[in-house]
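Chemist: Just to be clear, the model below is a prediction. Sequence and coordinates:
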Amino acid sequence: SSGQVWGVQRTVATILFTLAAISLIGLGGVYASKSRKPAAEQAKAAPEPGQRVRPVAHTKGATPPTPATPDPKTPAPVGADRPLSPEEAYQRLLRSTVFIFNLDTTARGEVTSWSCGSGSLIHKGRRLVVTNYHVVEERNRVRIFFPAYTPGGALITEPSHYLKNEDSLRIWGQVVTRDAKLDLAVVELEKLPGDVDSLPLAREPAKPGASLVSVGASGVNLRNMTGALWRLSMGNARGRFKDTINFKSGQRVEAMFLETQKPINPGDSGGPTMNDRGELVGVVSASDPRADLVKLDIDIEEVRGLL
């Protein structure tokens, strides 16, 4: 995924309007909330059933990356001293949420697949973003976009704007830690915009009934990059439980889940689930189509454990 714009010698306009139709990746009984447009042979590239990935992945023969440990020189941000209104919560999330766009190519520069997901900035000093393993998979580097605004201060939601202006808006991120079993990954960014902020990690898990909000990329239409970014989802916590789920791709997730009834959809994967105090309590991961409003986040307990 490295290289000049898109990593291939094509213009953005050509890629946006010549690629084929989108299909969503399903999980065995559970669907991941990432949007993807696979190539005709995409299934061949999927992980084999039962495949496990080491918690800290790195290129063979290379020095393993430094684990994403907190930087004591940069104090962790604290949550709000009062409950945030939905409008305040949305504005708070916009300062920390990112759009992750993946474009995979062959050695000859031919596009094979593209997909998108979400993530959240959790440590400003170390420039760390947390997302799902199934958003980044085994990629070493990913494209990251923070929200952009017009000169008048209006939020830009058109996905095509970010890709057409990739040179000025894209930030490269290096995947430094990943764990397929937890469906979590941590990405270290090369730089940060000046107007962003990290989300504090909640000290305690969300309790049943707690008000929760998420922002993600589920409004993106990967067929032609229309639709809307930074879509808000709201709901409540239903409970927490330890479980094992098998993704259709072969990924097996064994983790503490935070079950909610937020209306998350493909593209929201990896995005933040925040409580009304402005604290991260989960990472959006999957939904169960066999049940009504059963949405699964990776619980904050697992995020803390990975870090």
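Modeler: Here it is on my side, so go on. Residues are numbered from 1 along each chain as shown.
Chemist: immediately after the lengthiest helix in the chain, which helix or strand?
Modeler: Using DSSP state H to define each element, the chain has its longest helix at helix 86-94. Proceeding N to C from helix 86-94, the next assigned helix or strand is strand 97-105, under DSSP states H and E.
Chemist: what mean pLDDT does that next one have?
Modeler: Mean pLDDT, strand 97-105: 94.
Chemist: Which elements pack onto it?
Modeler: Here strand 97-105 touches strand 111-123, helix 133-136, strand 141-145, helix 159-164, going by 3 or more C-beta pairs under 8 Å, 6 or more residues apart in numbering; DSSP states H and E. For glycine as for every other residue, the C-beta is placed from the backbone atoms N, C-alpha and C.
Chemist: which stretches of the stretch 201-307 of the chain form strands?
Modeler: For the stretch 201-307 of the chain, the strands defined by DSSP state E, counting those that start in this stretch cover 211-216, 219-221, 226-228, 231-246, 252-260, 272-275, 280-287, 295-299.
Chemist: ok now the third one, how far from the chain's centre?
Modeler: Going back to what we said before, that points to strand 226-228. 17 Å (C-alpha atoms, centre = their mean, to the nearest Å).
Chemist: buried residues in it?
Modeler: Buried residues in strand 226-228, counting neighbours by 16 or more other C-beta atoms under 10 Å, are found at residue 227.
Chemist: Can you list the neighbours in contact with that strand?
Modeler: With contact meaning C-beta atoms under 8 Å, 6 or more residues apart in numbering, strand 226-228 is reached by 157-160, 219-221.
Chemist: ok, the residue nearest to residue 256 when sequence neighbours are not counted - contacts?
Modeler: Once flanking residues are discounted, residue 256 sits nearest to residue 299: 4.1 Å by C-beta to C-beta, 6 or more residues apart in numbering. By C-beta under 8 Å, 6+ apart, the residues touching residue 299 are 205, 240, 255-258, 281-282.
Chemist: cool, residue 233 as well?
Modeler: 213-216, 218, 262-264, 268.
Chemist: re earlier: and the contacts of strand 226-228, which are buried?
Modeler: The neighbour count (16+ other C-beta under 10 Å) marks 157, 159-160, 219-220 as buried among the contacts of strand 226-228.
Chemist: I'd like a version of these in a markdown table, one that adds distance to residue 166 and pLDDT as further columns.
Modeler: Converted to a markdown table, the buried ones among the contacts of strand 226-228 look like this (distance: C-beta to C-beta, whole Å; pLDDT from 0 to 100):
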| residue | distance to residue 166 | pLDDT |
| --- | --- | --- |
| 157 | 17 | 97 |
| 159 | 11 | 95 |
| 160 | 11 | 95 |
| 219 | 19 | 90 |
| 220 | 15 | 92 |
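Chemist: and the two most separated of these?
Modeler: Across the buried ones among the contacts of strand 226-228, the longest distance by C-beta to C-beta is 12.6 Å; it joins 160 and 219.
Chemist: wait, what's in contact with residue 104?
Modeler: By C-beta under 8 Å, 6+ apart, the contact set of residue 104 is 1, 111-114, 139.
Chemist: partner residues bridging the closest residue to residue 102 other than its chain neighbours?
Modeler: Leaving aside its sequence neighbours, residue 102 sits nearest to residue 115 (C-beta to C-beta, 6+ apart; 4.9 Å). Counting by DSSP bridges, residue 115 is bridged to residue 36, residue 102.
Chemist: of the contacts of residue 299, closest to residue 184?
Modeler: Checking the contacts of residue 299 against residue 184 with C-beta to C-beta, the nearest one is residue 255 at 8.1 Å.
Chemist: Would you check how far apart that closest one and residue 131 are?
Modeler: Distance, residue 255 to residue 131, by C-beta to C-beta, to the nearest Å: 14 Å.
Chemist: just residue 104 next, same as before
Modeler: From residue 104 across to residue 131, the span is 17 Å (C-beta to C-beta).
Chemist: Same question for residue 142.
Modeler: Where residue 131 is concerned, residue 142 sits at a distance of 8 Å (C-beta to C-beta).
Chemist: and what of residue 180?
Modeler: Using C-beta to C-beta, one gets 13 Å for the distance from residue 180 to residue 131.
Chemist: what's the nearest residue to residue 265 if we skip its chain neighbours?
Modeler: residue 218 (3.8 Å).
Chemist: what about the one you found, how many neighbours?
Modeler: By other C-beta atoms under 10 Å, 26 other residues sit near residue 218.
Chemist: you'd agree it is up against residue 232?
Modeler: No: with contact defined as C-beta atoms under 8 Å, residue 218 does not reach residue 232; the gap is 10.2 Å.
Chemist: and the residue lying closest to residue 118 once chain neighbours are set aside, what does it touch?
Modeler: Closest residue in space to residue 118, ignoring its immediate chain neighbours: residue 271 at 3.2 Å, by C-beta to C-beta, 6+ apart. Residues in contact with residue 271, defined by C-beta under 8 Å, 6+ apart, are 97, 117-120, 131, 214-217, 264, 283-284.
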